[in-house]
Structures are given as structure tokens and as C-alpha cells.
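Novice: Test case, fold it:
(chains A and B)
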Amino acid sequence: MSNTDVLLEADKVVVEAGRRTILNQVSANVRRGEIVTLIGPNGSGKTTLVRVLLGLLKPDSGHVRIHPSLRIGYVPQRLTIEPSLPLSVGRFLKFGVSRGPNQQAGRRASVLAEVGAANIEDSRMHDLSGGELQRVMLARALLRDPDLLVLDEPVQGVDVTGQAEIYDLITRIRDKRGCGILMVSHDLHLVMASTDHVICLNHHVCCAGRPEAVTRDPEFQSMFGAEIAAQLAVYHHHHDHVHDVDGRPVPISVTADHAGHSHDH
Amino acid sequence: MRGIAMIIDFGVPDFMARAMLAGAGVAIVAGPLGSFMVWRRMAYFGEALAHSSLLGVVLGIVLGVMPWLTVLALSLVVAILLYLMEQSRRATLDSAIGIVAHGALAVGLVLLAFVESARLDLFSYLFGDVLAVTRQEVWLIYGGGALVLGVLAIFWHPMLSVVVNEEVASVEGVNVTTTKIAHLMILAVVVAAAMKVVGVVLIVALLIAPASAARQLANSPEQMAVFASLAGVMAVAIGLWGSYQFDTPAGPSIVVAAIGLFILAVCFGNRPVRNVP
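Specialist: Numbers count the residues shown, from 1 in each chain, chains lettered A, B, ... in the order given. As a prediction, the model looks like this:
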């Protein structure tokens, strides 16, 4: 892949809060057509990294490079609609896009169908279930025709079967639209199956690479426990291929670009 | 001023007609601004602007200029100050607002002791003096109101995006800082105008009571804003009528009417918080 495929790149980003270092020399990038997942324990700086990448937070040092004319669709971790705001799904979807074809009702209906939430345009936002809300937020992001989707904990508040469906949906969106996807997650099983590149974060990048390789990394195992890592490895035994940009299966190369530094957990 | 002539034909005194025009003008812009105050939970913020406007009145007397000007200037300064405090996150916003609001109120009252008390009827500023509104002030209210509505028209979409989610709005290309400052500026203008109608103490009620009533009936943000304006105009009409009939103070009567409309809307509104299918 050439460098022009890099949509978004963080280079040695440092974020400090008081005396604590939230992000320490973190580098990461997302390419077109690639699903990148940030994993790590709670409070490991995942959301902070996302906010830096989105330009919502200025890093104390390091750089963020954004592909010129990049259109981003962002689904935040939690969206709480103010209860006093009367808002239908249709009206909510109109917010994200400026005037143009995507403002048309037909487009809204088709994108809602794409995310599996057809016929709820007239529902009130406050009446949606967790899964419906995630899908509607995804629809809003998709209406922008994004080059990059950024999803912070996309399955929060969704039950287990719903979670698998949403990860499936995310993979389908990538396959169909070819956009880059950056996801944040702290749950491992489902996310591993639907990602190309995993960045394991605990204030610094512990390890990064294809999911199968990362799960065998000693740093990953010490962070999540060898047992869980082993389960994931077994799980991936059944998937000895991954999909490239066009959805073609490609064999797994078992090499994680290990960050190669010493520290204690 | 054909409106005045029409009302005069119905045998209403001139000052009542002017009061109605002034009150309606303020209520119309208070509708959408009050809705935003409810959505963004800025009632306390509005109180701060209102309280500090008393300092503006006193400064106007001290400097020998029209209190209108100093009230507006001070409201704008306080709005910016509160915005900066919110951004810095040094003190929690709640206490920051309290310090600014009551600080300005206290300084205003202390300063007042140094100026001739005969020149200021404190009560009229605290509770409004809409019956004494001049023709010039009516024009000022409509001029300011047109300006506020113009800014609202430009910033309506971004302001709503900020209400829904600031970070998403920012990623989607909304300039959140500009939007918030524009919002505070027009809020400061409305507060300065509303002070004449219902007084420092009751301004926030005139903003949030009609909006809260409208919430019970509205299906969209736009509907809520328009209903709030209508409810505000109704409250002004009922309040002024009551004031004329029963010789009660005009400002508080308007607020009582607005609260009454809110209670009616709650009782007969069709908007439960959650729909059970």
C-alpha cells in the first residue's frame, strides 16, 4: 500500500494530564479500506487517542497528520440526547450533512436500511433501544459518505447477539464502501474476528499487528491474561485467513510489529 | 405603529399598548433562546447574566449614559467571562457562575449606595417596569430582536448540533467556539431587553417557562421554539390584562401567566417522556 492510502496518522503523540502521562509516544495510522481496532483496558488512553486523532484534543507533543479533504464519520462512545430536546430519528440524521443529495429523504431511508434500522425515521430518539441508537448513529455517520469511520465502543449498551450483528455490519460497510474504520473496544472476542489490524494500548503501544499475531504477543498476554489470550488464539485457529481490501481471503502472516521496549505492567 | 393605533381603538391606554408591544417583542425572541436554555441547561447561566445586569444599570447612572447601553455591554462581558471560565475548568462551572453573578449583583448594590438613590427605583429594575416603557425603547426592543433572530437564523443548525453532541458537531465541521459565543451574545441581548419587561429577578422565568410549556406539545426543535414564542406572547397578553384589571405589578403577573401556561401544558400535553408502545 502506498502512503497516499494513509487516511490518518498519529506520530509519537504524547498527552499529559497533570503529572500523569495518558499517551506516551503513541504512533498509529489508519489506511483506506482497513479496519483498525484499538484495544486496551479501561483508562488506557483509547478514547484520548481517538480524540487526538479527530483533532478534538491537542497533543502535548507529536503530530497528527490527516489526509487532505478527509471526511470523517464519528460515532462517540455515548450519545445522550438531552431529554428536553424533541428530536425524531429523521431530524437527527439531517444534522450531520450539509445541503445536497444526502439531505434527501430517500437517501436517509436507504442508509437506515443499510444499517438494519429501516422504518424508524419517525421514532423519537429517546425511544430507541441501545442497538437501534448505535445503528442510527452509524447511519448518520454514513450519510456523510465518510472516507473514515471512527467508532468509539460501537457496541456499548447492546446485548451479545446484537454485538455480533453490529460487528458484522461494520465489516460489511467496509467491504461495500471501502472506507477506513477505526474502532475502539475493550472486549476482545468479537472484535478480533472483524479487524485487520489491532493496536494494543496501555498508555503506550504495547504491540500492534494482525489480531492472531497480537494475541500471541507476551505483552498482550500479560495485559489480558494468558488464558484469555489462549482462548482467542484457539478461536482464531478456525480463521487461518483474513480479508484484504477487496474482501479476498489472504493467509495470515504471524508477525506482530512488536514495539520492543521494556516496562512493567 | 399601526398596532398601537388598533389597540387604542379598543380603548386601551397608550402605555398598555406600548407594554404589550414591548412584551411581545421580547417574548418572541425569548422563545427560541429559552428553548436553548432548557436544552443546554443554562438556567443558572441566565440568572448570572440577569443578576449582573443590575451592575450595568448602576454603571450607566455613574457614567451618565443610558443604562441600556451599559447593561448590554456588561452582559456581553459577563457572557464572555463565563464562557472562558467554562473552558478553563479551573473552578467548577456552577461555583464560577455563582461567583460572577452574585459578585456583580453585590458590587452593583454597593456602588448604588454611592449614587443618588432618588435617581434609581431599584424595585423597577428588580421586577420590571414594562408599563413605563417608552416608544424609543419599543423600537430598541424590535431592533435588537431582529438582530437576534438574524443571528439565530444563521447559527440555528450549528447551535442544534452543539446541543446534540459537541464533539460530533466539531468533527462534522461545526465551529463550536464561534457557535457558543454567538449563542451567548444573543442571549445577553435578550436578557438586557427582558430586564425592562419582567426585571432582573424574573428574566429566567420568562425564558424557560414558555419553552418548558412548549416542550410538552412539540415534536421537533423548531416547533418547540415557535410554540415557546407563542406561549410567551400569550403570557405577556394575559399578564398585562391581569395587571390592568386587578392592579397587580406587570412583570410578576406576566411570569405568573407563563407558569400557568406551563402547568396547563403539563396537564394536557401529549408528550410523555417515554412512549410505551
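Novice: can you tell me if the helix or strand containing residue B:234 touches chain A.
Specialist: For residue B:234, the element it lies in under DSSP states H and E is helix B:221-246. Yes. Counting by CB under 8 Å from any CB of the partner chain, chain A is contacted by helix B:221-246 at B:221, B:223, B:224. The way it works is simple: take the backbone N, C-alpha and C, and place the C-beta from them, glycine included.
Novice: Report the buried residues of that helix.
Specialist: Residues of helix B:221-246 classed as buried by neighbour count (16 or more other CB atoms under 10 Å in any protein chain shown): B:221, B:224-240, B:242-244.
Novice: Please identify the helix or strand for residue A:206.
Specialist: Element membership for residue A:206 (DSSP H and E) is strand A:205-209.
Novice: State the number of residues packed around residue B:80.
Specialist: Number of residues near residue B:80 (other CB atoms under 10 Å in any protein chain shown) recorded here: 14.
Novice: Put the alpha carbons of the helix or strand where it lies into CSV.
Specialist: Assigned by DSSP H and E, residue B:80 falls within helix B:67-88. Output of helix B:67-88 as CSV, limited to C-alpha atoms (Å, rounded to 0.1, in the frame of the first residue of the first chain):
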residue,chain,number,x,y,z
PRO,B,67,-28.5,52.2,31.4
TRP,B,68,-29.5,50.2,28.3
LEU,B,69,-26.0,50.6,26.9
THR,B,70,-24.1,49.6,30.0
VAL,B,71,-26.4,46.7,30.7
LEU,B,72,-25.9,45.3,27.3
ALA,B,73,-22.1,45.9,27.4
LEU,B,74,-21.8,44.3,30.8
SER,B,75,-24.0,41.3,29.8
LEU,B,76,-21.7,40.8,26.8
VAL,B,77,-18.6,41.0,29.1
VAL,B,78,-20.1,38.6,31.6
ALA,B,79,-21.1,36.2,28.9
ILE,B,80,-17.6,36.1,27.6
LEU,B,81,-16.2,35.8,31.1
LEU,B,82,-18.4,32.8,31.9
TYR,B,83,-17.5,31.2,28.6
LEU,B,84,-13.8,31.5,29.4
MET,B,85,-14.4,30.1,32.9
GLU,B,86,-16.2,27.2,31.4
GLN,B,87,-13.3,26.5,29.1
SER,B,88,-10.6,26.7,31.7
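Novice: Now the element after that helix, going C-ward?
Specialist: Next element after helix B:67-88 (DSSP H and E): helix B:93-114.
Novice: hmm, who's touching that next one?
Specialist: Contacts with helix B:93-114, where a contact means CB atoms under 8 Å, 6 or more residues apart in numbering or on different chains, come from B:44-45, B:47-49, B:51-52, B:54-59, B:62, B:74, B:78, B:81-82, B:85-86, B:90-91, B:120, B:122.
Novice: Kindly recompute the last result at 10 Å.
Specialist: B:42, B:44-59, B:61-62, B:74, B:77-78, B:81-82, B:84-92, B:119-120, B:122, B:125, B:200 (CB atoms under 10 Å, 6 or more residues apart in numbering or on different chains).
Novice: Buried subset of these, written for ChimeraX?
Specialist: Buried residues among these (16+ other CB under 10 Å), as a ChimeraX selection:
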select /B:42,45,46,47,48,49,50,51,52,53,54,55,56,57,58,59,61,74,78,81,82,85,86,120,125,200
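Novice: one step back: please name every helix or strand in contact with the helix holding residue B:234.
Specialist: Counting contacts by 3 or more CB pairs under 10 Å, 6 or more residues apart in numbering or on different chains; DSSP states H and E, helix B:221-246 is packed against helix B:14-39, helix B:135-164, helix B:176-198, helix B:203-215, helix B:250-268.
Novice: which one of the ones you listed lies closest to residue A:121?
Specialist: helix B:135-164 (16.5 Å; CB to CB).
Novice: Quick one: mean pLDDT for the closest one?
Specialist: Average pLDDT, helix B:135-164: 93.
Novice: wait, does the following helix or strand past it make contact with chain A?
Specialist: Beyond helix B:135-164 on the C-terminal side, the first helix or strand identified by DSSP H and E is helix B:166-171. Yes. Judged by CB under 10 Å from any CB of the partner chain, helix B:166-171 and chain A are in contact via B:166, B:167, B:168, B:169, B:170, B:171.
Novice: Chain A: which of those is nearest?
Specialist: residue B:171 (4.1 Å; CB to the nearest CB).
Novice: If we ignore the residues flanking it in sequence, what's nearest that closest one?
Specialist: Of all residues not flanking residue B:171 in the chain, residue A:74 sits nearest, at 4.1 Å (CB to CB, 6 or more residues apart in numbering or on different chains).
Novice: Correct me if wrong: that neighbour contacts residue A:148.
Specialist: Yes. Using CB atoms under 10 Å, residue A:74 makes contact with residue A:148 at a distance of 9.0 Å.
Novice: which residues are in contact with both of these two?
Specialist: Common neighbours of residue A:74 and residue A:148, using CB under 10 Å, 6+ apart, are A:54, A:141, A:182.
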